[in-house]
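Trainee: Here is the input, now give the coordinates:
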Amino acid sequence: MPNVAQSSETTDWVSRFADEVIASSERRAPGKPVVVASGLSPSGPIHLGNLREVMTPHLVADEIRRRGYEVRHLISWDDYDRYRKVPAGVPGVDESWAEHIGKPLTSVPAPRGSAHPNWAEHFKAAMTASLADLGVEFDGISQTAQYTSGAYRAQILHAMRHRADIDAILAQYRTKKAPAKKQQKPLDEAELEAAEGSGAAAEDDGSSGGAGYFPYRPYCGNCEKDLTTVTAYDDDTTELSYTCTACGHAETVRLDEFDRGKLVWKVDWPMRWAYEGVIFEPSGVDHSSPGSSFQVGGQIVGIFGGERPIGPMYAFVGISGMAKMSSSKGGVPTPADALRIMEPQLLRWLYARRRPNQSFKIAFDQEIQRLYDEWDKLAAKVADGSALPGDVAAYTRAVGTAAGELPKTPRPLPYRTLASVADVTAGHQDQALRILSELDPAHPLGSLDEARPRYDRAEAWINSHVPAEQRTLVRSEPDAERLKTLDERDRESLRLLLDGLEEHWSLDGLTHLVYGVPKVRAGFPADATPKELPAEIKTAQRAFFALLYELLVGRDTGPRLPTLLLAVGQDRVRTLLGA
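Mentor: Take a look at the predicted model:
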C-alpha cells in the first residue's frame with residue numbers, strides 16, 4: 001500500500017513535484033505505474049548539462065518509489081536522430097565523419113578504436129555506465145529500434161492523416177518571434193553547449209513547400225540521409241513519394257509497411273508522450289521558449305489522444321575550472337569526467353539541492369575542495385540532528401535511493417587533505433597510507449582502502465586538473481643559502497616548531513603547533529584566541545607560514561602546513577629546516 005504520509009514530512013522541490021505527479025497519474029491513468037521520462041541524444045559526449053535531463057525525473061521517480069508506488073523512468077535514446085555535425089575534440093574522429101551528416105546516429109561509424117558497433121552506442125555506453133554509478137534506475141528505449149521495428153507505424157499513419165491539423169497548430173507559431181529576453185550575464189562556452197542540447201529543438205517542423213505539409217521524413221534508401229523531400233502522399237493507399245536532394249534518389253513506398261524514416265521532432269515528441277503515457281518530463285531552455293517543442297507539443301499531443309506532461313524548465317549547469325583541464329574535449333565535461341574526481345553522492349547532491357530552474361556550477365578547480373568541506377559539514381549536521389529539513393532531504397536523496405544507500409567511503413577524510421597527500425606523495429601508496437595514518441594516531445588507517453574511493457577521486461583531481469606549476473615538489477636538499485640569511489626571530493620560530501614536532505605529530509597537534517609558534521614568540525599562550533591577540537600576530541603567522549613553505553617546497557604557498565609536515569616526515573622536516 002503506498003505510503004502517502006511521507007509527502008508531509010519533506011517539503012523540498014522533489015517532494016512537491018512527487019505530490020503533483022502522483023495526483024496527475026491517478027487522474028490520467030489510475031492503477032497504472034507512474035511514468036516519468038527523459039530524452040538523450042547520443043550525438044556526441046553526453047555532458048553534465050544533459051545530466052539534469054535525467055537527474056530531475058530520477059529524483060522525482062525515486063521519491064515516488066520511496067512512497068511505495070510503482071514508477072517507470074523512461075530514457076528515450078534519440079539514436080534515430082540525424083547526425084548533425086562532427087563534434088570537436090572527440091578521440092578517434094576527424095573531419096571525414098562529415099560525410100555521414102544526415103544519417104541516423106546508429107548508421108554512423110563509432111570513433112576509431114571503439115568497441116561499439118556505431119556512433120550512438122559508443123556514447124550511450126559511457127552515459128549508461130555513469131548512470132549506474134549514480135544509482136539511476138531507468139528503462140532505456142532506443143528510438144532506432146522503435147521506428148525500424150514498426151512500433152510507431154499506427155502513430156505515423158495517424159499523423160499523416162491529421163497533417164492538416166498539425167500544420168494549423170504549427171502555423172500559429174511560424175511567423176511569431178519570441179520576445180527578447182534580458183540576458184543577466186553573458187553565457188560562457190560551457191553554458192552555450194549545454195543550452196544547445198541535442199539540437200532537436202532547432203529542427204524544422206516538416207513543412208515541405210508546394211507539395212503540402214508532411215510531418216514525416218524518410219531516410220534515403222540510397223545514401224541513408226534525411227535530406228529528402230516528400231513530393232506526394234495518398235491517404236488511402238499510404239503510398240509516399242520522395243526525392244533526395246543529397247544523391248538525387250527518388251522512390252515511392254507504402255508507408256503502412258515502410259520503417260525507414262521518422263516523424264519530425266515537434267510531432268515525434270508529443271506522439272511519444274501519448275504512446276508512453278508520460279506524466280512528468282522536464283525540458284531545457286531550448287525546448288521551453290514560446291513556439292518551441294514543449295509548448296507546441298502541448299497542443300499536438302491532443303491529436304494523439306494524450307496530454308502534455310508536467311514539465312518544469314531546467315536551468316543551465318555551468319562548469320568552473322574548464323580552463324585548467326589537462327585535455328580539452330572541445331565541450332562540456334561529461335558525468336564520467338565528474339565522477340573521476342568526485343564521489344557519486346556529491347554529484348547527486350549538486351542536482352538535488354537546487355530547484356530545476358536554479359542554475360549552478362560543477363567545480364573542476366579548487367572550488368571542489370570547498371564543496372567537499374560543505375558536504376562534510378552537512379553530513380555532520382545530519383548525523384547530530386542539527387540540519388534543516390530541506391538540507392536533510394537533499395542529503396538523503398544524495399546518499400542513496402529507494403533501493404538502498406550507494407557505496408561509500410568507510411573513512412571519509414577531508415578531500416583537501418587527501419588531495420594534498422596525493423600531491424606530495426606522487427602516487428606512492430605506502431607513503432600515502434603512512435601520512436593518513438598519522439592524521440589521527442589514536443585511530444590509524446589499517447588500509448588505504450578505508451579512504452577509498454574518495455582518496456582515488458582526490459588523486460585523480462590532483463593529477464588531471466591542477467596545473468604542473470601548482471603541484472607540490474618537496475625539496476630534496478636544504479636551501480643552505482636561504483638558511484644562512486635567517487634572522488634571530490626566524491631561527492627562534494623554527495626552533496619552537498622543531499622542539500614541538502614529536503609531541504604534536506598529528507593533524508590536530510601540528511595545526512595547534514604551527515599556529516601557536518608566532519603567538520609564543522610574541523609572549524602569548526599557544527592556545528590564545530584571536531580575540532585575545534593583537535592584529536600583528538596574524539601578520540607574523542603569515543610570514544612564518546611563507547618561510548616554512550619556502551624552506552620545504554621552494555614556494556610561498558602550498559598544501560595546508562600540518563598536512564605538508566606529515567607528508568614530509570619528521571626526519572626530513574628537521575633536515576630541511578636546518579636542524
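Trainee: Do I have it right that Arg254 meets Asp236?
Mentor: No - taking CB atoms under 8 Å as the definition, Arg254 is not a contact partner of Asp236, at 11.4 Å. Every residue, glycine included, has its C-beta placed from N, CA and C.
Trainee: Of the two, which one has the most company?
Mentor: The neighbour count for Arg254 versus Asp236, taken as other CB atoms under 10 Å, is higher for Arg254 (11 against 5).
Trainee: Quick one: residues contacting the more buried one.
Mentor: Applying CB atoms under 8 Å, 6 or more residues apart in numbering, we find Arg254 in contact with 237-240.
Trainee: Beta-bridge partners for it, please?
Mentor: Glu239 (DSSP bridges).
Trainee: Return the set of buried residues in stretch 26-34.
Mentor: 28, 34 (16 or more other CB atoms under 10 Å).
Trainee: again with stretch 489-509
Mentor: 490, 493-494, 496-497, 500-501, 504-507, 509.
Trainee: Just give me the closest of the residues you listed to Thr144.
Mentor: Leu507 (54.9 Å; CB to CB).
Trainee: Quick check: phi and psi on the closest one?
Mentor: Dihedral pair for Leu507: phi -60, psi -50, per degrees, to the nearest 10.
Trainee: Pull up the gap between it and Pro559, please.
Mentor: 12 Å (CB to CB, to the nearest Å).
Trainee: ditto for Asp365
Mentor: In terms of CB to CB, Asp365 sits 16 Å off from Pro559.
Trainee: ok, now Pro389?
Mentor: Relative to Pro559, and taking CB to CB, Pro389 is found at 37 Å.
Trainee: Which of those two has more residues huddled nearby?
Mentor: Taking neighbours as other CB under 10 Å, Pro389 and Pro559 compare with Pro559 leading, 20 against 11.
Trainee: Might you report the residue contacts of the more buried one?
Mentor: Pro559 neighbours (CB under 8 Å, 6+ apart): 419-420, 423-424, 472, 567.
Trainee: Now it: phi and psi?
Mentor: Note on Pro559: backbone dihedrals following degrees, to the nearest 10 are phi -60, psi 160.
Trainee: Of the contacts of Arg254, grab the buried ones for ChimeraX.
Mentor: ChimeraX command restricting the contacts of Arg254 to the buried ones, with burial defined by 16+ other CB under 10 Å:
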select :238,240
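Trainee: Name the nearest residue to Val60, sequence neighbours excluded.
Mentor: Phe17 (4.8 Å; CB to CB, 6 or more residues apart in numbering).
Trainee: In which helix or strand does the one you found reside?
Mentor: Taking DSSP states H and E as the criterion, Phe17 maps to helix 13-28.
Trainee: Now do the strands in the stretch 101-250 of the chain.
Mentor: Assigned by DSSP state E, counting those that start in this stretch, the strands in the stretch 101-250 of the chain fall at 139-142, 216-218, 228-233, 239-244, 250-254.
Trainee: among the ones you listed, which is the most enclosed?
Mentor: The highest mean neighbour count among the strands of the stretch 101-250 of the chain, using mean count of other CB atoms under 10 Å, belongs to strand 216-218: a mean of 22.
Trainee: I'd like the mean pLDDT over that strand, please.
Mentor: In this model, strand 216-218 has a mean pLDDT of 97.
Trainee: Thank you kindly, that will do.
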